[in-house]
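Peer 1: sequence first, then the predicted structure:
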Amino acid sequence: MTSPYNIFTYNTLANLLVILLSSSLLVCSLLITFPNYVSNYPSPFFNSSIAAALSSLLATAAGSMLVLMNKSQTKDTLKPFLAYICVSSALAVGASITTSLDLFEDSPHPNYIIEIAGGSIFTLSTLTLIVLCIPSPSSPPLPPQQSFGSQSLTDLSSPLLPSSPPAPPPPPPNKKSRGTRRLLSLALPHRRYLYFGCSALLLRLPFSLSIPHFVAETIGALNDEDWDYAYGNVLLLVVCGTIDACLDFWCVYLFGLCQLNLVKTVRTSLFTRILGFEVAFFDGTTVGDLTSRLNSDTSAMSSDLTWFFRFSIEATVRITGIAGYMFVRSRTLAGAACTIIPVVAIVNKKYGDWLAKNSKEVQTALADANSVAQETLSCARTVISFANESSESERYNEKIEKHYLLNVKQTIAQGIYYMVVSTFLVNTCVQAALLYIGSRLVESNGLSVSVLVAFMLYQGQLQEYTLQIFQSYTALRQSSGAGDKVFEMMDRKIEPPGVGDYKEDDNDDQRRTRLSRGGIRPARVSLKNVSFTYNSRPNEPVLRDLSLDIEPGTMVALVGKSGCGKSTICSLVERFYDPDSGSVTYDGEDLRNLDVKWLRGSIGIVSQEPVLFSGTIFENICYGLKREIEEEEVDEGELRERVEEAAKIANAHSFVMGFEKGYDTVCGERGVSLSGGQKQRIAIARAIVKNPALLLFDEATAALDNESERVVQEALERAAGNATTIVVAHRLKTVQKADRIVVIEEGKVVESGSHEELVKRGDGKYAAMLKMSRD
Ligand SMILES: Nc1ncnc2c1ncn2[C@@H]1O[C@H](COP(=O)(O)OP(=O)(O)OP(=O)(O)O)[C@@H](O)[C@H]1O
């Protein structure tokens, strides 16, 4: 194993060596260039020495940047150095070719092909070097399972599940580059749009690039009073411009399509992932936060990513083409036009890093504001009834103000960036320098006016696309800021009771056959020496060494003071949480060995506040048969029959038929258009329509008035007919028919027996509770 000390020495030496070499090259080139320029002596080495000077200047700047950026000394930092040395050599080759071209300068047929090749190598090398400098030097490869690659949607989350045996912990990643690389890999499944988009782009570029040339040629022809040539160029401009415009549609459409698909994929995979999280995760996360992740973060990360591909490709091709054209027409002016590139690279790198950090904060602030809005709007009735509208508005304003201030900061930074880079450096300095050098060349008859005009037009484009290539990088960093938050959630380890952690083992088929529908039912449920504490309150144990055995087909009622742990027992039976010690078994099998989806599918639950979905009554009852419907196990007629049968047992059929649209009546969001008792009866129908082996009624009648309670209680008793039933109840009169009543106190079973047995005891806890409730 290489010691960190060795790597450090190697990296530092490599950097120093490269800087030393390129600096000497720079000094030599300047020594040749300046005397030539000052004396205006037309040396054959004049232009090429400028190129050599520039390339070595770039090499020096890039080398220094690498040293500055090389903070983490990992093995991967070697890669950019090797690439850097290769690119530096390419620069030197480019410069030498350009130099050798001057030897042909006096020949009657200058070799333009070699000139173009020399210029292109120079430009491409420069761009490659800068692009290489931009990412952080240490970018450890993604472990294969974390790369999205061409994986399917479900595959996106599957690698993140705990595996058996547990994988060794991954090495600490470089978050910055990992996020960006992972973001880029997201586009891979949609690469066909990118391929076609890029083809359309490459096809249109020659037409698009030729336009300034025709403009310059027309102006030159007007100057020479060559009218036919001028009109011919105008015609060519119109033809090329029209073709360019038609192909532009396909570029916008295909890249846009890629973006839409990207957003869709990220959203659905994130949504699936979130639904797989364990219940404890939802205890500590607000809905607003999650919707923010799903809406703004996913669209922020995807929108810039697609345009990154488009603009970086377009800009690279345009820059190469323009630089090639410039080097053919005047290498001196071309060299001057390219000097700005490394400066823009450095400024952009700094700006991009800052923007990524700030954009993460902006997204967090927006998520906070969303949480408040979501919470307030979902409890609008309560807010209004307490006349707290203004204080809630104030709370939202505070959060949105923070978001606003962060955006103001970003806008100021944006303003400074455009002022310095775009307006001052590019528009002012470079234009003035080119006009000055160009005028000197025109004065000494080294250049025609039409070439200078073409240069001025092309240099505008050159600078614009140079900026664009860096801005697309900046946008990528910005989207990776939002992407980090999405990936954080994607990578979040699912704790055991989540639905996403299920791993089949050899015994599963056996178990499922034994326990599947038609197998043992109703179910037998046992809790053996169960102790449990919620993670969010580690110092407050809820259940303490609790044991409870529930015979198949019996109804067991859990009673006790508020907060003694009754609902927690139901949550453990549903495997929303795992006990800290002891075990919960279902037909003798520890819940941890069962497919959690299958387990929950065999349990029907009715809680105190049933949540109905916004669809029709029929759809709400069918919700309990989702799997069967998806797998086409029930046909439409059978479905109607089962729904009506369940509704009849739940005492819901008659009131549903009283509605004008019957089962097609819309429940409204969260069932607002139904009364509490009606909602509860729909919820009972929903729970029993799947014919569950175990029914959990968690204070199902607690919120109802006497009449509704009676109807619902009747429904519950009828529904309990075929299943093992656990009833949690406050009102003792609702549990008197239970086979067994279990009294819980401080997380322990303190008494158990039928109503009659417990009453007979006289001095027991139940008898006392009963007496109190009658008083
Ligand atoms: N998600 C949670 N996170 C942390 N603590 C919780 C959570 N749910 C319940 N608790 C705490 O656990 C204890 C038992 O709660 P549980 O809901 O099981 O009581 P309960 O007997 O059903 O009460 P009630 O009859 O009032 O519904 C309480 O102190 C409660 O505050």
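Peer 2: Nice, thanks for sending it over.
Peer 1: any low-confidence regions in the stretch 551-700 of the chain?
Peer 2: 669-672 (pLDDT under 70).
Peer 1: for it, what spans make up the helices?
Peer 2: All helices of the stretch 551-700 of the chain, identified by DSSP state H, counting those that start in this stretch, fall at 566-573, 596-601, 617-622, 626-630, 636-649, 653-658, 676-688.
Peer 1: most packed of these?
Peer 2: helix 676-688 (a mean of 26; mean count of other CB atoms under 10 Å). All C-beta atoms are positioned from the backbone trio N, CA, C, and that covers glycine.
Peer 1: rewinding a little: among the helices of the stretch 551-700 of the chain, which comes closest to Val735?
Peer 2: Closest to Val735 of these, according to CB to CB: helix 566-573, at 11.4 Å.
Peer 1: which non-adjacent residue is nearest Gly601?
Peer 2: Arg627 (6.3 Å; CB to CB, 6 or more residues apart in numbering).
Peer 1: Thr466 is nearest to which of the helices of the stretch 551-700 of the chain?
Peer 2: helix 626-630 (53.3 Å).
Peer 1: contacts for the closest one, please.
Peer 2: Outside helix 626-630, the residues within contact range by CB atoms under 8 Å, 6 or more residues apart in numbering are 601, 622, 633-634, 639, 690.
Peer 1: CSV please, covering those and showing distance to the ligand.
Peer 2: Converted to CSV, these look like this (distance: CB to the nearest ligand atom, whole Å):
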residue, distance to the ligand
Gly601, 23
Cys622, 29
Glu633, 35
Val634, 35
Leu639, 34
Lys690, 25
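Peer 1: still on that earlier bit, turn the helices of the stretch 551-700 of the chain into CSV, columns for distance to Asp580.
Peer 2: Compiled in CSV, the helices of the stretch 551-700 of the chain are given as follows (distance: least, CB to CB, whole Å):
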stretch, distance to Asp580
helix 566-573, 11
helix 596-601, 18
helix 617-622, 36
helix 626-630, 31
helix 636-649, 37
helix 653-658, 44
helix 676-688, 29
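Peer 1: what's the end-to-end length of stretch 752-772?
Peer 2: Stretch 752-772 has an end-to-end distance of 18 Å (criterion: CA to CA, to the nearest Å).
Peer 1: list the buried residues for that stretch?
Peer 2: For stretch 752-772, a neighbour-count test (16 or more other CB atoms under 10 Å) marks 752-753, 755, 758-759, 764-767, 769-770 as buried.
Peer 1: before we move on, what about stretch 604-611?
Peer 2: So for stretch 604-611, counting by 16+ other CB under 10 Å, buried means 604-608, 610.
Peer 1: can you tell me the element the residue nearest to Gly764 when sequence neighbours are not counted falls in?
Peer 2: Leaving out its chain neighbours, the residue that sits closest to Gly764 by CB to CB, 6+ apart is Glu751, at 5.4 Å. In the assignment (DSSP states H and E), Glu751 maps to strand 748-753.
Peer 1: outside of that strand itself, list whatever touches it.
Peer 2: Applying CB under 8 Å, 6+ apart, the contact partners of strand 748-753 are 543-548, 740-744, 758, 761, 764-766.
Peer 1: what is whichever helix or strand comes after that strand packed up against?
Peer 2: Counting by DSSP H and E, the next helix or strand C-terminal to strand 748-753 is helix 755-761. Helices and strands touching helix 755-761, by 3 or more CB pairs under 8 Å, 6 or more residues apart in numbering; DSSP states H and E, are strand 740-745, helix 765-774.
Peer 1: quick check, pLDDT for Leu124.
Peer 2: Looking at Leu124, its pLDDT is 53.
Peer 1: equivalent analysis for Ala702, please.
Peer 2: With respect to pLDDT, Ala702 scores 67.
Peer 1: re the thing from before, make TSV from the helices and strands packed on helix 755-761 and add mean pLDDT and distance to Leu695 to it.
Peer 2: Output for those, formatted as TSV (pLDDT from 0 to 100; distance: least, CB to CB, whole Å):
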stretch	mean pLDDT	distance to Leu695
strand 740-745	93	15
helix 765-774	82	22
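Peer 1: indicate which one of those is closest to the ligand.
Peer 2: Among the helices and strands packed on helix 755-761, strand 740-745 comes nearest to the ligand, with 6.8 Å by CB to the nearest ligand atom.
Peer 1: can you tell me the element Asn529 falls in?
Peer 2: strand 525-532.
Peer 1: could you pull out the buried residues of that strand?
Peer 2: In strand 525-532, counting by 16+ other CB under 10 Å, buried: 525-528, 530, 532.
Peer 1: kindly indicate which of those residues lies nearest Thr428.
Peer 2: Once CB to CB is applied, the member of these that ends up nearest Thr428 is Phe532, at 70.0 Å.
Peer 1: without its sequence neighbours, what residue ends up closest to the closest one?
Peer 2: Leu543 (4.3 Å).
Peer 1: give me the neighbour count for the one you found.
Peer 2: Using other CB atoms under 10 Å, Leu543 is surrounded by 25 other residues.
Peer 1: might one say that it is in contact with Val530?
Peer 2: Yes: counting by CB atoms under 8 Å, Leu543 touches Val530, with 5.4 Å between them.
Peer 1: what do the two both touch?
Peer 2: Joint contacts of Leu543 and Val530 (CB under 8 Å, 6+ apart) are 572, 579.
Peer 1: for Thr725, give me phi and psi.
Peer 2: Main-chain torsions, Thr725, degrees, to the nearest 10: phi -130, psi 130.
Peer 1: all numbers from here: first residue = 59
Peer 2: New numbering, starting at 59: the last item is Thr783.
Peer 1: how near is it to Lys791?
Peer 2: Going from Thr783 to Lys791 by CB to CB, to the nearest Å gives 17 Å.
Peer 1: now swap in Cys628 and tell me
Peer 2: 21 Å.
Peer 1: quick one: mean pLDDT over the strand holding Asn587.
Peer 2: The model assigns strand 583-590 a mean pLDDT of 93.
Peer 1: packing partners of the helix or strand following that strand?
Peer 2: Per DSSP H and E, the first helix or strand lying C-terminal to strand 583-590 is strand 601-608. Packing contacts for strand 601-608, counted by 3+ CB pairs under 8 Å, 6+ apart, involve strand 583-590, helix 624-631, strand 639-644, strand 798-803, strand 806-811.
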